[in-house]
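> what's the 3D shape of this:
(chains A, B, C, D, E and F)
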There are 6 protein chains.
Amino acid sequence: MEGIAIFPGSFDPFTVGHENLVRRGLSLFDHIIIGVGHNTGKGLYFPTEQRVAFIRAEFEGETRVSVESYDNLTVDFAKQKNAQFILRGIRTSADFEYERAIAQVNRQMTSIDTVFLLTTPQHTPVNSSIVRDILKHGGDASLFIPPTVYRCITEYMNLK
Amino acid sequence: MEGIAIFPGSFDPFTVGHENLVRRGLSLFDHIIIGVGHNTGKGLYFPTEQRVAFIRAEFEGETRVSVESYDNLTVDFAKQKNAQFILRGIRTSADFEYERAIAQVNRQMTSIDTVFLLTTPQHTPVNSSIVRDILKHGGDASLFIPPTVYRCITEYMNLK
Amino acid sequence: MEGIAIFPGSFDPFTVGHENLVRRGLSLFDHIIIGVGHNTGKGLYFPTEQRVAFIRAEFEGETRVSVESYDNLTVDFAKQKNAQFILRGIRTSADFEYERAIAQVNRQMTSIDTVFLLTTPQHTPVNSSIVRDILKHGGDASLFIPPTVYRCITEYMNLK
Amino acid sequence: MEGIAIFPGSFDPFTVGHENLVRRGLSLFDHIIIGVGHNTGKGLYFPTEQRVAFIRAEFEGETRVSVESYDNLTVDFAKQKNAQFILRGIRTSADFEYERAIAQVNRQMTSIDTVFLLTTPQHTPVNSSIVRDILKHGGDASLFIPPTVYRCITEYMNLK
Amino acid sequence: MEGIAIFPGSFDPFTVGHENLVRRGLSLFDHIIIGVGHNTGKGLYFPTEQRVAFIRAEFEGETRVSVESYDNLTVDFAKQKNAQFILRGIRTSADFEYERAIAQVNRQMTSIDTVFLLTTPQHTPVNSSIVRDILKHGGDASLFIPPTVYRCITEYMNLK
Amino acid sequence: MEGIAIFPGSFDPFTVGHENLVRRGLSLFDHIIIGVGHNTGKGLYFPTEQRVAFIRAEFEGETRVSVESYDNLTVDFAKQKNAQFILRGIRTSADFEYERAIAQVNRQMTSIDTVFLLTTPQHTPVNSSIVRDILKHGGDASLFIPPTVYRCITEYMNLK
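Next comes the predicted model:
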């Protein structure tokens, strides 16, 4: 059986930490579907279609990675895609507690298991909310965003 | 002196974890008043009167439990009800830090002490925000909500 | 039914934080039995009989508090004493994780529930291991130990 | 070289914990600039100009402390002020994880280092959000706010 | 390429939580080698050869699981076995911090990545140190140890 | 007044994380005294005089850093050296809770304040216990120990 994992998130924006997790996840899974959540309640900075486009540009040519948006429960999206696993990164113990509750509830509702990789040390402080704050204030976030995504974001922000 | 405790919360919705805490609390206290907070700022899913009604249905016939909404500070509500204790459950260490600050400030302002029980292991991942998310997406949350409350919620959501 | 709680610990030594918890616990329980564990593996500083004697001196005249040493599992000691509850204090989130595991296992093995009170803010940094370290180096630990216990400890250390 | 530190925050309101940190920080730094963030997204209770005025009243006559509002990234504000350091207090381990991410990202972007002091035990439970909640409900928050700030707040609230 | 993972630990004793992780890990990996560490410094309760024998009995007939003791660094043992992954369970945020440091150092020294699964809620409080304590005091630990392992342990303890 | 800080620890061994903290601390303090604790109870790997010698080699020529061993309470050592501050690094939230208790107790006993710097992200997983474990097993720990200290350690271990 082919191993398929969903890598769900808001990715507002997609950071070097996210990219590192997807690349490492490819040694565990045959296919990774990056699931970009609408999360309409969260007051997102980049529109969903842009977040999808940024990440697609990053993984262009990587046939084992696909990128899709979704609007339902993560476990329902996973079932729809025949995924057996959800892939998540953990940075801090605050992350851990939040992820644990979600993963355990998902597991009680379905047979889908969540697999965790830890961020590398240098990526540990990088989270989307801090990076977004730098972008909003016109700061230089190029250290924290993969080059292709950063170029796309810069182009998009110049157009606005 | 009769031991009276307030069990305060948003209960949006009331979960199996909440129910378990109230039932165990009855071996510690003579009377438990479930205080349903208005918390208008929080963007609640169920209106206050519904949340009160759902929980009242659950504890119908249990004369040592009563359910009321309140709109003031929890310690002021407790004093008004002649309660000497606030009862709280703790699920995770993130909960703990938040609860500690509130409990210690309450104790500095009044003589009311907060008593903590831990959720049982199987209820630890269940929190209202995850359960609400399942309900919003039309998922099956019956594992995480007491049967009577779940029936009331289903009826209420069908009426809307 | 009379509410009886065990307050178990090594109490090596008994601190102002422990004393505060026992006194507050008396508003919840009819009787508190302070259970002084042998914990032979732990390399204790004060012998068990001394630790029992120090705490007995502190609560002399308080008929609702008794002090005993025990050498079995805490839940077995509790059953032996007809206690329905174990009383524990939590200072930090590190404490919390440790206490949660013990309390949940105890609850799975018996019907005995663990009730938690939080230390008051000024007692939060005080733990027996820090206080013991001060005593070992001949420092002044009188801020962190109840006066009666401190006097007993001083007398005992002078005799050695 | 003169040591200058920024002490950034929302200070909505400024608490006894904040005041204690500034006073202790004066033994480390020659000058402390209290930076009051606009944080427009946060739904602040007191307007920025009021928060600045309250804190200026508190430190009137203390020539080594100044108070300013700012609207850019904290590191950009620090550079503008020739500060080499950011001063922050940590109360809990939840605070710590949040502060660590910000401090490490700031350090990767600039040479500005963040210096942490711990709140004193009695101030540990006091955070602006709890204090604000007490004020909103008309409770007595005088234990948690420095006297001068509290007098200013009371006057301001009576005027409204 | 065949996916091989090491599942390292002291397993003093092997619990229901460990067993659950190995079984779930089999959906991720082709082969799992349970690595039983000597950890001579730790003052182990069961001798290494017994711990190996207990776990072998549990997985008898499961050809994709093997059990071996090792005495070197976990990453060196993994390389020796051609494993590309280390499998670890996380129960609590205290576990998480400890595991993160080890996993990140291992990753800096080698290309071996650590994959984490979370314990199921009902297994979260079960750790070997609590279970060992129950066994030492002659308590009933059958809820916390897989049946085959428990039978082996009982036989072994009766022989002594 | 000259700012003097003690940087206390076991340094068994001194890591790249420790070195980074001392160098950054020099922008805060006029003089840093690295205090190498005897901690006889801890079962140290390198003898105290060696740990002192390793660190002295590292800071040779840096007149604002001195290295000494001590056997009393850290606050007593600090007072003896006329230090007004204790400098400590924090890596994780587990560290934080431990450090907070010590720092707050020290502050209650004396006027000495503890100043915290955070480790840089890449040093966060490096702690002496993991590094010691690598050395004990003959692994290559050169990534985690400053070059001069590593050369001294290698020479010392070859002599044994």
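> what about residue A:95, how many neighbours?
Neighbours of residue A:95 under the rule other CB atoms under 10 Å in any protein chain shown: 20. Where you see a C-beta, it was placed from the backbone N, CA and C, and this is true even at glycine.
> just to be sure, it is in a helix?
Yes: looking at residue A:95 with DSSP: H, G, I helix; E, B strand; the rest coil, it is inside a helix.
> measure it to residue A:19 for me?
Residue A:95 is 17 Å from residue A:19, where distance means CB to CB, to the nearest Å.
> likewise for residue A:69?
18 Å.
> quick one: which of these two has more around it?
Legend: neighbour count by other CB under 10 Å for residue A:69 and residue A:19, higher for residue A:19 (19 against 14).
> what does stretch A:146-153 rub up against?
By CB atoms under 8 Å, 6 or more residues apart in numbering or on different chains, the residues outside stretch A:146-153 that reach it are A:13-16, A:19, A:46, A:53-55, A:57-58, A:60, A:135, A:141-142, A:145.
> which of these has the most neighbours?
Compared across the contacts of stretch A:146-153, residue A:14 has the highest neighbour count, 31 neighbours, by other CB under 10 Å.
> so stretch A:83-98, near chain F or not?
Yes: using CB under 8 Å from any CB of the partner chain, stretch A:83-98 reaches chain F at A:92, A:93.
> and that stretch, how far from the chain's centre?
11 Å (CA atoms, centre = their mean, to the nearest Å).
> do it and chain E come into contact?
Yes: with CB under 8 Å from any CB as the measure, stretch A:83-98 is seen reaching chain E through A:84, A:85, A:90, A:93, A:96, A:97.
> and for the first one, the neighbour number?
By the measure other CB under 10 Å, the count of residues near residue A:84 is 20.
> likewise for the third one?
By other CB under 10 Å, 25 other residues sit near residue A:90.
> mind listing what it touches?
By CB under 8 Å, 6+ apart, the residues touching residue A:90 are A:96, A:99, A:116, A:117, A:118, A:119, E:96, E:100, E:116.
> next one: the second one
Taking CB under 8 Å, 6+ apart as the contact definition, residue A:85 lies against A:3, A:4, A:5, A:6, A:29, A:78, A:112, A:113, A:114, A:115, E:28.
> how does it look with 6 Å?
Shown in contact with residue A:85 (CB atoms under 6 Å, 6 or more residues apart in numbering or on different chains): A:5, A:113, A:115.
> run through chain A and note the low-pLDDT ranges.
The model of chain A has pLDDT under 70 over residues A:1, A:40-42.
> sorry, back to before: mind picking the two most distant members of the contacts of stretch A:146-153?
A:60 and A:135 (22.5 Å; CB to CB).
> of the contacts of residue A:85, which is the most crowded?
residue A:5 (29 neighbours).
> and it, what helix or strand is that in?
strand A:4-9 (DSSP states H and E).
> any chance you could list what contacts the helix or strand that comes right after that strand?
Remark: after strand A:4-9, the chain's next helix or strand is helix A:16-25, criterion DSSP H and E. Residues outside helix A:16-25 that contact it (CB under 6 Å, 6+ apart) are A:32, A:87, A:89, A:117, A:119, A:120, A:123, A:126, A:144, A:146, E:113.
> put together a markdown table for these, with secondary structure on each row.
Output for those, formatted as a markdown table (three-state DSSP):
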| residue | secondary structure |
| --- | --- |
| A:32 | strand |
| A:87 | strand |
| A:89 | strand |
| A:117 | strand |
| A:119 | coil |
| A:120 | coil |
| A:123 | helix |
| A:126 | coil |
| A:144 | coil |
| A:146 | coil |
| E:113 | strand |
